[in-house]
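Participant: Sharing a sequence plus its predicted fold:
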Amino acid sequence: MAQVSFYLLDETSANTPEPAQLSLACLVAARCFRQKQKCIVLCQDKQQAEQFDELLWQLPVNSFVPHNLAGEGPVGGAPVEIHWQTPAQMSRAVLINLAELMPECHLGFKQIFDFVPAEENLKLQARERYKHYRAAGHQLDTLAASSIEEN
């Protein structure tokens, strides 16, 4: 079973120009890349995937993260692949979930990162995902968003 880490976003993060979970997911993807872990980022839809792709391009030059949208990039994909549909192959150890529901493909990963936004309706969705992960037998923990620091 996977280790599922939920990052709790605080109220101040709700006032950022882009959704806070996207910014935090960029930091998680950068950390995975630095640790030489390939990951899949699963977005809610293509629009969110393109928004996440753009945010990764905006990281500082010294923090560049090789990435591509699903179906683009090199054969075998970049270290960070961005999907908005269930990936055909589970050749990655890490999943960063930005989708509203627990991904159907959750069993194919060793580590899953998920987010609990401050907005009440999104918080309720996160609680449902948490319950589903727990029912599936995954090991769960919750962390403050501030625990992610880019080195």
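Facilitator: Alright, I've got the coordinates.

Participant: any idea how far the most centrally placed residue in the chain is from residue 125?
Facilitator: With distances taken as CA atoms, centre = their mean, residue 96 lies nearest the centre of the chain, 2.4 Å away. Distance, residue 96 to residue 125, using CB to CB, to the nearest Å: 16 Å. Backbone N, C-alpha and C define where each C-beta goes, glycine included.

Participant: which intervals of this structure have sub-threshold pLDDT?
Facilitator: By pLDDT under 70, the low-scoring segments of the chain are 12-18, 89-90, 149-151.

Participant: Please enumerate the strands of this protein.
Facilitator: Taking DSSP state E to define them, one finds strands in the chain at 3-8, 39-42, 67-69, 80-83, 94-97, 111-116, 139-144.

Participant: Reformat these as a markdown table; add distance to residue 54.
Facilitator: Below are these laid out as a markdown table (distance: least, CB to CB, whole Å):
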| stretch | distance to residue 54 |
| --- | --- |
| strand 3-8 | 21 |
| strand 39-42 | 13 |
| strand 67-69 | 11 |
| strand 80-83 | 10 |
| strand 94-97 | 16 |
| strand 111-116 | 18 |
| strand 139-144 | 26 |
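
Participant: for these, which one ends up most surrounded?
Facilitator: Highest mean neighbour count of the strands of the chain: strand 39-42, a mean of 28 (counted as mean count of other CB atoms under 10 Å).

Participant: Could I get the contacting residues of the residue nearest to the centre of the chain?
Facilitator: 25, 28, 29, 32, 39, 40, 41, 42, 112, 113 (CB atoms under 8 Å, 6 or more residues apart in numbering).

Participant: residue ranges for the helices of this protein, please.
Facilitator: 20-34, 46-57, 120-135 (DSSP state H).

Participant: highest average neighbour count across these?
Facilitator: Mean neighbour counts for those (mean count of other CB under 10 Å) peak at helix 20-34, with a mean of 21.
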